[in-house]
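# Following is a predicted model, sequence given first.
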Amino acid sequence: MAANRHTCDTSTRPYVLEVRGVAKAFAGVQALAGVGLGVYAGEVHALVGENGAGKSTLMKIVAGLEPADAGELWRQGRRVHVRHPAEARRLGMAMIHQELMPFPDLSVAENLLIGHEPAGRWTGWIDRRRLHAAAAGLLDRLGADWSPETRMGDLGVAEQQLVEIARALAHRAEVVIMDEPTAALAGREVARLFGVIGELRQQGVAVIYISHKIEEVLRLADRVTVLRDGRSLGTYPIGTVNRERLIALMVGRELGTTATQQPAREGPVALAVRGLGRAGKFDEISFQLRQGEVLGLAGLMGAGRTDLAHALAGLEPAERGEIWVQGRPVRLDHPRVALDRGIALVSEDRKRYGLVLCLPAQHNLTLANLRRCCRGAFIRPREENRVADERLGALGVRPARRLQPVQFLSGGNQQKVALAKALFTEPQILILDEPTRGIDIAAKADVYALVAELARAGKAILLISSELPELLTLSHRILVLRAGRLAAELDPRRTTQEEILQYAMPAS
Amino acid sequence: MRPQDSRPSVGGTRRLLCAAKGGGTDRSWLTRYGLVLALVAMSTLLFLAKPNFLTLGNLVNVLRQISINGILAVGVTYVLLAGGVDLSLGSLVALTGVVAASFAHPGEYPLIVPVGMGVLTGMACGTLNGLVVTRGGVAPFIVTLGMMTAARGLALVLSGGRPVSNLSPAFTRLGSGDWLGVPIPVLLLAAVAVCSYLLLANVRLGRYLYAVGGNEDAARAAGLRVASIKTFAYAVCGAFAGLAGVVLAARITTGQPNAGIGYELDAIAAVVMGGTSLSGGVGGVGGTVLGALLIGVINNGLDLLNVSSCYQQIVKGLIIVSAVWLDRRARRRRTA
């Protein structure tokens, strides 16, 4: 498959930025396994891949936000070390983030030139006239027509993004990295952004463009590099690929053939949802989940999967629609209500919603159902210890770990504590949001076995995952979310990763 | 659009602090030893310089001196554990002292009335603090700063700006009497500390306080009623401030509307020296009592050494900061 790698690049133009053999592991999970990438001046170089393929990690390394475990960066033929975002900036590389980070209460000009204000050398007194003139010049280059004195917070997302790009130009960036820049933009704003990117290309700036939107990539990029599972599958001139080919590369055929093993069981309906909606997050979601069933929920980042999970767990209640649990209508407006109805969530954001990091594992385990270890209001330490031995032991967490604050545990053990905590509430309906994110292979296998076992025991499971092989293997049915709405319901025995992605990708 | 964090991030320190605690069962003995060692070292030095430091009379004196600060510190431990702060304590001491004294004239009411009124007034103010923080979403610093000002004003209004005097002997005995040779304020502190220790270590609500202070989002996701739990912490803190106000009024035999200025800071200093994190979720009452003791020994020692009260304040300030700094440094090394 990598046969045609670089075959079209017969030119001997030097790379303005080259990445060689970059590797990076998080808590034992290999996010990048020796990725190479070469970028020319004045090209738009797209970087595509599934969630978790390593795109953002790679760019964070280039931008100095994460250190690499191995590998080299070459900038215009010279080896460079980027240990800090300021170094990346000095080397002429700038990143426009998915989540913009401006100072909303400062003016556009102040945001643009922060850290580089024209100021008296000794007094530090800022020369406002020069500041505004410099900012106006930068904004002009991008065709922005608002005043540099505008308050940053008064601008829309698209305009803030342009300011970020202008800021990159202010630092004389020659390589600009854009991570999902169109994610929050409307059609007209996208067109303007593309215009700006065209301008940058004209001016000889190299743009590295990360996107999920294949159509955008095909329309905008000169070349595209595909990442999968932390490896590069090669760089292709845009004329040599099409949508189907790119998706096939992103997914990888050898993984696409795994079939589901368990037969679907026909239990009674545990959870029914009709017309569920929450402004700006998801809308018109209807489905049924039966006991003993694993219902997979696929979708890209930002498609509303986690928001839906939060609505069902009572964290951020839905605004419209109805929810029935075991045939009875419920209003899930607090996690307590959801837990009392037998719904437990294992959040994708373990550190925020899953665990109290400074509490020991066993206190986390019992937190959502502490009553079980109590007589009256008093905690029975012996009972709590016994429960911890039993529950954490069953998931293979060593006894010595029980009393350690969970922040000192590995990602895999943390996830097991989070799972055990949810299971300790004895839920009938279990929502697993990215249950294998950031954990190692062995822990993943444990989680898979647990999911299958729970389903056999009659629990209803809603499984959210960006790892499509995982979804295909574990689920009895798969729902695909796209931009907050249900795009398809698929049978994992008859579908493929390609088909899921076709439904998940926004049609533009 | 930008990630919203309810609490300013103090990542590194916080993680280190977290290492030292665990809702009552997994306290770091090293941390505790550090404080105990400081206490022993300080006492030994004082004994060498002034042998009369180690007389029973003087030690009881130290305990009596720390009792009011100790009660306040135990109360504010709840609030700090839950991730908040309470600056209104000093004013609450004055307000509740005035209220209690107003009901404590000889021959008017049985003792339970002035004491109860003082404690309930404090609890009411604390509850109000908690409700505005949790339901109104105003930062605890601001809410309790407002309460600090308002409660002081209320104390002045209720007392007409004059000390409330002519108190019954039964009431003043709460401040100056003793029982089996132990001063009553010390007994009250002991009772408050022991009950709080048991509650924080062994009662469900205590565990929930740690969880809410450690990670509010995760606590809510685990089904805890975060707002009620936090409000409870402020209410307890207010009630203890009320008790401290009663004891102070009894001891100085007047309800003083100008009493208690700056007491909140001494209380918070004791809690922080005791290893409780200012960002919540970490710590406990045991450390708080040790912290209060250490401050008491410092005060007493400087008195014995005839250091003028102006210099005392400077020395105390330096010692508080260096004690906490040393403690944090030691822990950092241990976890690194």
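It's in.
# Beta-bridge partners for residue A:360, please?
Partner residues in beta bridges with residue A:360: residue A:405, with DSSP bridges as the criterion.
# since we're on it, how many residues are nearby?
The local packing count at residue A:360 equals 23, with neighbours defined by other C-beta atoms under 10 Å in any protein chain shown. C-beta: built from backbone N, CA, C; applies to glycine.
# Go ahead and confirm it touches residue A:409.
No: contact criterion C-beta atoms under 8 Å: residue A:360 and residue A:409 do not qualify, at 10.0 Å.
# centroid residue for the chain?
As the question left the chain open, I've gone with chain A. Among the residues of chain A, residue A:301 comes closest to the average C-alpha position under C-alpha atoms, centre = their mean, at 5.5 Å.
# oops, I was thinking of chain B
Compute the mean C-alpha point of chain B, and by C-alpha atoms, centre = their mean the closest residue is residue B:73, 1.2 Å away.
# On the three-state scheme, that residue is what?
For residue B:73, the reduced secondary structure class is helix; criterion used: DSSP: H, G, I helix; E, B strand; the rest coil.
# where does residue B:206 fall, phi/psi-wise?
phi -60, psi -50 (degrees, to the nearest 10).
# For the residue nearest to it when sequence neighbours are not counted, give me its contacts.
Nearest residue to residue B:206 in three dimensions, chain neighbours excluded: residue B:200, at 3.9 Å (C-beta to C-beta, 6 or more residues apart in numbering or on different chains). For residue B:200, the contact set (C-beta atoms under 8 Å, 6 or more residues apart in numbering or on different chains) comprises B:23, B:24, B:77, B:78, B:81, B:206, B:209, B:210, B:284, B:285.
# Could you pull out the strands in the stretch 301-450 of chain A for me?
Under the criterion DSSP state E, counting those that start in this stretch, the stretch 301-450 of chain A carries strands at the ranges A:320-325, A:328-330, A:343-346, A:374-375, A:378-379, A:429-433.
# Off-centre distance for the fourth one?
For strand A:374-375, the gap between its own C-alpha mean and the chain's C-alpha mean amounts to 41 Å (C-alpha atoms, centre = their mean, to the nearest Å).
# is it true that the residue nearest to the centre of chain B touches residue B:290?
No: taking contacts as C-beta under 8 Å, residue B:73 lies outside contact range of residue B:290: 10.3 Å.
# Common neighbours of the two, please.
residue B:274.
# can you tell me which residues contact residue A:436?
With contacts defined as C-beta under 8 Å, 6+ apart, the neighbours of residue A:436 are A:415, A:443, A:444, A:447, A:448, A:465, A:467, A:470.
# count of neighbours near the fifth one?
Neighbouring residues of residue A:448 were enumerated by other C-beta under 10 Å; the total is 15.
# correct me, but it touches residue A:473?
Yes: counting by C-beta under 8 Å, residue A:448 sits close enough to residue A:473 to count as a contact (7.2 Å).
# what's the helix or strand for residue A:163?
Element membership for residue A:163, per DSSP states H and E: helix A:157-170.
# Give the other helices and strands that that helix contacts.
In terms of contacts (3 or more C-beta pairs under 8 Å, 6 or more residues apart in numbering or on different chains; DSSP states H and E), helix A:157-170 is packed against strand A:93-96, helix A:108-112, helix A:128-141, helix A:187-202.
# which stretch among the ones you listed comes nearest chain B?
Between chain B and these, the shortest gap by C-beta to the nearest C-beta is with helix A:108-112, which sits at 13.3 Å.
# Which parts of the closest one count as buried, going by neighbours?
If you call a residue buried by 16 or more other C-beta atoms under 10 Å in any protein chain shown, then helix A:108-112 has these buried ones: A:108, A:109, A:110, A:111, A:112.
# Just to check, the first one is in contact with residue A:145?
No: with contacts counted by C-beta under 8 Å, residue A:108 stays clear of residue A:145, the gap being 11.9 Å.
# Strands of chain B, residue ranges please.
Assigned by DSSP state E, chain B shows strands spanning B:178-179, B:182-183.
# Check what pLDDT the residue nearest to the centre of chain A gets.
At residue A:301, the predicted lDDT confidence score is 77.
# isn't it right next to residue A:481, touching?
No: using C-beta under 8 Å, residue A:301 is not in contact with residue A:481; the gap is 10.9 Å.
# which residues do those two both contact?
The contact lists of residue A:301 and residue A:481 share no entry, where a contact means C-beta under 8 Å, 6+ apart.
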